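Q: Generate a structure from the sequence data that follows.
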Amino acid sequence: MVHDVAETRFMTQTQTVFITDYAWPDISIERDIIEGAGFKLIAGPSKPASSEAITALVVEHQPAAIMTCWAPVSAQAIASSKPLKVVARLGVGLDNIAVDAATQRGIWVTNVPDYCVEEVSDHAVGMVLTWARGLLSFDRDVKAGQWNPASAKLRRASTLTVGILGFGQIGRRTAQKLQGFRARVLGYSRHPDPSDALAEPVSLEELLSRSDVVIIHAPLTNETYHLINRERIALMKPGALLVNVSRGAVVDTQALIEALESGHLSGAALDVLEGEPQVPAALLSLPNVLITPHVAFSSDASLTELRTSASEEVVRVLRGERPRQARNLLGERR
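A: Presented below is the predicted three-dimensional model:
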């Protein structure tokens, strides 16, 4: 059946899109796309609210689509909106969405899997170089009135062995960039490719024991929660660096703090933390820890791409089309 524009707008105007939170100054891009397509956009607070607060807002607004950045979209929230058709993640990871509950209800779950490949890999490599060249510690020393080049204990990037835990798109791009510094790259994934020229595929245990630097690019799942624990940190080389630009809970924070305090690890570079935005006092007190506030994904270009792609995906589903980046399998239901 074919509808003219006026009729289509009338049919869709009652469908509401609820954006739970956002990590940018406004929602102008989302509003232009969603309301330009004839749908209604309602926004929650910019900072992520609690699961209970999100559920209450879903009950109130009965959205056909939920877009979420960091806020939790629970099974209860998903069950609370009868017209709900899609939950769209403004990002890559799905650990804040009850994907199984959505699938059981026949609701699409989408994400934007490749918008920040360059940014996150840049961030990881930048953290490695900051450690290798002592940039953070020297900056702090000079600003504190110390000028002591004789204290330098620096590393040549081309002599480093760097292990990448999680060898998807971002891990592979990080490996490509590290090859530009002629570092040796090891890679660990659940489905290794022995012919991969970007990295030597190894077991997790071998990666940890051989690497001067370990970079985590793994998603947070039941299997990866505290994957890097006391036992696995103990396998790492004395003096190694741990870089985490994926999800905080992949690393056991207390085990990491103990390894840093004991000197077993020479440093950690963290863009993500368990329980963020709260930062453990012990991490704040350690001079060999570099922390950024979960911004590895961010740039002007990546945020525009993220917000545009997620919004267009929502419009696609609400118009009755199949999403392009479905993260759950609903067959040909829609």
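
Q: and the most centrally placed residue in the chain, what element?
A: By C-alpha atoms, centre = their mean, the mean C-alpha position of the chain lies nearest to Ser246, the distance being 5.0 Å. Here Ser246 is covered by no helix or strand, with elements defined by DSSP states H and E.

Q: same check, this time on Val185
A: With DSSP H and E as the criterion, Val185 is inside strand 184-188.

Q: who does the next helix or strand after that strand pair up with?
A: Counting by DSSP H and E, the element after strand 184-188 in chain order, helix or strand, is strand 200-201. Strand 200-201 pairs in its sheet with strand 184-188 (parallel), by DSSP bridges.

Q: on that earlier part again, send the alpha carbons of the strand holding Val185 over as CSV?
A: The C-alpha trace of strand 184-188 is given here as CSV (Å, rounded to 0.1, in the frame of the first residue of the first chain):
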residue,chain,number,x,y,z
ARG,A,184,56.0,-7.0,17.4
VAL,A,185,52.3,-7.6,17.7
LEU,A,186,50.6,-10.6,19.3
GLY,A,187,46.9,-11.2,19.0
TYR,A,188,44.3,-13.2,21.0
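
Q: for it, the distance to its chain's centre please.
A: Relative to its chain's centre, strand 184-188 lies at 21 Å (C-alpha atoms, centre = their mean, to the nearest Å).

Q: contacting residues around the residue nearest to the centre of the chain?
A: 93, 166, 216-220, 272 (C-beta atoms under 8 Å, 6 or more residues apart in numbering). Backbone N, C-alpha and C define where each C-beta goes, glycine included.

Q: hmm, 7 Å instead?
A: The contact partners of Ser246, by C-beta atoms under 7 Å, 6 or more residues apart in numbering, come to 166, 216-219, 272.

Q: pLDDT wise, what is it at?
A: On the pLDDT scale, Ser246 is placed at 97.

Q: Pop out the phi and psi values for it.
A: Ser246 adopts backbone torsions of phi -110, psi -90, taken as degrees, to the nearest 10.

Q: Quick check: beta-bridge partners of the residue nearest to it when sequence neighbours are not counted?
A: Once flanking residues are discounted, Ser246 sits nearest to Ile216: 4.9 Å by C-beta to C-beta, 6 or more residues apart in numbering. Counting by DSSP bridges, Ile216 is bridged to Leu165, Asn244.

Q: Tell me where the protein has strands.
A: In the chain, the strands defined using DSSP state E lie at 16-19, 40-43, 65-68, 86-89, 108-110, 161-165, 184-188, 200-201, 213-216, 240-244, 265-270, 289-291.

Q: Go ahead and name everything in contact with the fourth one.
A: Going back to what we said before, that points to strand 86-89. Counting by C-beta under 7 Å, 6+ apart, 65-68, 73, 78, 97, 102, 107-111, 310, 313-314, 317, 323 sit against strand 86-89.
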